[in-house]
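Asker: below: sequence and its predicted model.
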Amino acid sequence: MNSKNSVNRFMAGLLIVVACLLLPTVQGQQADSGSGMAKTDNVTNGGQASLRGLTELDETREADLFKPVPRDRRPYKSDYVYQPPLIPHKIRDYELSANANKCLTCHSFKNAVDSGATKISVTHYESRQGQILSDVSPRRYFCLQCHVVQTDTRELISNNFKPVDSLQ
Amino acid sequence: MTFWSRLSRPSKASAGVLLGLGFVGGILFWGAFNTGMEATNTEAFCSSCHAPIVAEIRETIHYSNRSGVRAICSDCHVPHAWTDKLVRKVQASKELVAFALGTINTPEKFRARRGHLAHREWQRMKNNDSQECRNCHNFDFMDFSEQGRRSITQHSTALASGDKTCVDCHKGVAHRLPNMSGVEGWQ
């Protein structure tokens, strides 16, 4: 009886101590939620800069200026075998949707001869199983998934990348 | 004085008043007519029914560009010459009936008819040699040295010879395109 009482008293004391320890953190969280903006304490980049600079994840960084895209130039050399050729011209407002593909008005098998543009490779007419189709395969239809425009800008991360020997 | 003689020999003063009234009335009518017609050429007027399609131009070069020149709906869709404009306005009054009938009152109905509407507008521009493009883009004033290689190739051949007109290649310059399969030069 006596021993049971003392255990109860000990447990009650422990509860009070734990409650006192927890109270400040609970109050702190309430104060934060009251300010409206979800400002969390546990988001930090640890001083590590990324492509977003030192901006924290929960902050919105000011947008960069658009980089100038060359209007129209000769095709870029490939840096490795099977590289999707880069786009050497502007493509602003060229619609690429389920309805229309502006790229194919010059680069398709049908139009490439007249337009003088680089013809898309035969791989674009293959299904996933290697079967040759009569028209561009749906999985190769959205050109910009692999082909991108280039801008003459500073490299994001300095590197020593070199093309393979055969393409140098 | 009989009624007939009063009509056949009006006094000089009343003839002058009639002429004056006719003159002033004419000016007022003409001004009001043209002002009314111009009011139906504003972007706000077009948007009151065609809001979703007017919004499409906002991301294109004809709305947002470095030099601050902007084309609004009527610059391309309404002829500038007065008689042609009047004809187009009368044709467009048909749209009021379609609006009342609810021919295109949902996005689904619009998507289904978009091809039909686009083809009609392309044909209209083909028939008048893309006059609404040429109101601003004059072929004679083009400086090929300022154009890209691809532009020079097309403009100095097909356009210069009159083989093609602007809209043959420049489709969807201010709107999203309909399904383009089967359209000449596409897919």
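Answerer: Alright, I've got the coordinates.

Asker: for residue 61, give me its contacts.
Answerer: Unless you meant another one, I'm taking chain A. Applying C-beta atoms under 8 Å, 6 or more residues apart in numbering or on different chains to A:Arg61 gives the contacts A:Arg52, A:Gly53, A:Thr55. Just so you know, the C-beta spots here come from the backbone N, C-alpha and C atoms, and that holds for glycine as well.

Asker: wrong one, chain B
Answerer: A:Arg92, A:Asp93, B:Val173.

Asker: please narrow these to those residing in strands.
Answerer: If you go by DSSP state E, those have nothing in strands.

Asker: make a PyMOL selection of the buried ones in those residues.
Answerer: In PyMOL syntax, the buried subset of the contacts of B:Ile61 is picked out as below (16 or more other C-beta atoms under 10 Å in any protein chain shown):
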select buried, chain B and resi 173
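
Asker: okay if I get the contacts of B:Ile61 as CSV plus pLDDT and distance to A:Gln145?
Answerer: Output for the contacts of B:Ile61, formatted as CSV (pLDDT from 0 to 100; distance: C-beta to C-beta, whole Å):
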residue, pLDDT, distance to A:Gln145
A:Arg92, 88, 18
A:Asp93, 88, 19
B:Val173, 92, 25
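
Asker: now, among the contacts of A:Arg61, which is nearest to chain B?
Answerer: Nearest to chain B out of these is A:Arg52 (C-beta to the nearest C-beta; 24.9 Å).

Asker: which residues touch that closest one?
Answerer: A:Arg61.

Asker: centroid-nearest residue for the chain?
Answerer: I'll assume chain A. Nearest to the mean C-alpha position of chain A, by C-alpha atoms, centre = their mean, lies A:Leu51 at 10.7 Å.

Asker: other chain: chain B
Answerer: Chain B, centroid-nearest residue using C-alpha atoms, centre = their mean: B:Val78 at 1.0 Å.

Asker: isn't A:Glu56 up against A:Gly46?
Answerer: No - assessed by C-beta atoms under 8 Å, A:Glu56 is found out of contact with A:Gly46, at 10.3 Å.

Asker: looking at those two, which is more packed in?
Answerer: Relative neighbour count places A:Glu56 above the other of A:Glu56 and A:Gly46, with 13 against 4, counting by other C-beta atoms under 10 Å in any protein chain shown.

Asker: tell me the SS of the more buried one?
Answerer: In three-state terms, and counting by DSSP: H, G, I helix; E, B strand; the rest coil, A:Glu56 is coil.

Asker: what distance do you get for it to A:Thr44?
Answerer: 7 Å (C-beta to C-beta, to the nearest Å).

Asker: for residue 137, the count of nearby residues, please.
Answerer: Just so you know, I chose chain A. 15.

Asker: right idea, wrong chain: chain B
Answerer: 12.

Asker: wait, what's in contact with it?
Answerer: Counted by C-beta under 8 Å, 6+ apart, B:His137 has contacts B:Cys166.

Asker: tell me the contacts of the one residue in chain A that gets nearest to chain B?
Answerer: Shortest chain A-to-chain B distance, computed as C-beta to the nearest C-beta: residue-wise this is A:Asp72, at 3.3 Å. Listed by C-beta under 8 Å, 6+ apart, the contact set of A:Asp72 reads A:Pro88, A:His89, A:Lys90, B:Gly148, B:Arg149, B:Arg150, B:Ser151.

Asker: show the buried residues in the residues you listed.
Answerer: By 16+ other C-beta under 10 Å, the contacts of A:Asp72 give A:Pro88, A:His89, B:Arg150 as buried.

Asker: please list the members of those residues that lie in helices.
Answerer: Mapping the buried ones among the contacts of A:Asp72 onto helices (DSSP state H) picks out B:Arg150.

Asker: who's in contact with stretch B:166-173?
Answerer: Contacts of stretch B:166-173 (C-beta under 8 Å, 6+ apart): A:93, A:95, A:100, B:60-62, B:118, B:122, B:125-126, B:130, B:133-134, B:137, B:154, B:158-159, B:177, B:180, B:183-185.

Asker: how about JSON lines for the contacts of A:Arg61, with pLDDT and distance to B:Ala100 added?
Answerer: Output for these, formatted as JSON lines (pLDDT from 0 to 100; distance: C-beta to C-beta, whole Å):
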{"residue": "A:Arg52", "pLDDT": "79", "distance to B:Ala100": "53"}
{"residue": "A:Gly53", "pLDDT": "81", "distance to B:Ala100": "56"}
{"residue": "A:Thr55", "pLDDT": "85", "distance to B:Ala100": "54"}
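
Asker: about what we covered before: from the buried ones among the contacts of A:Asp72, which is closest to A:Val148?
Answerer: Nearest to A:Val148 out of those is A:Pro88 (C-beta to C-beta; 11.0 Å).

Asker: how about residue 59, what does it touch?
Answerer: Here I'm looking at chain A. With C-beta under 8 Å, 6+ apart, A:Glu59 has no contacts at all.

Asker: looking at chain B here, not the other one
Answerer: A:Asp93.

Asker: pLDDT on the helix or strand encompassing B:Arg114, on average?
Answerer: Assigned by DSSP states H and E, B:Arg114 belongs to helix B:107-127. Helix B:107-127 shows a mean pLDDT of 94.

Asker: do the following helix or strand past it and chain A meet?
Answerer: Once helix B:107-127 ends, the next helix or strand along the chain (criterion: DSSP H and E) is helix B:131-134. No - figure legend: helix B:131-134 not in contact with chain A (C-beta under 8 Å from any C-beta of the partner chain); closest approach 15.2 Å.

Asker: list the helices and strands helix B:131-134 packs on?
Answerer: When contacts are defined as 3 or more C-beta pairs under 8 Å, 6 or more residues apart in numbering or on different chains; DSSP states H and E, helix B:131-134 packs onto helix B:73-77, helix B:107-127, helix B:166-169.
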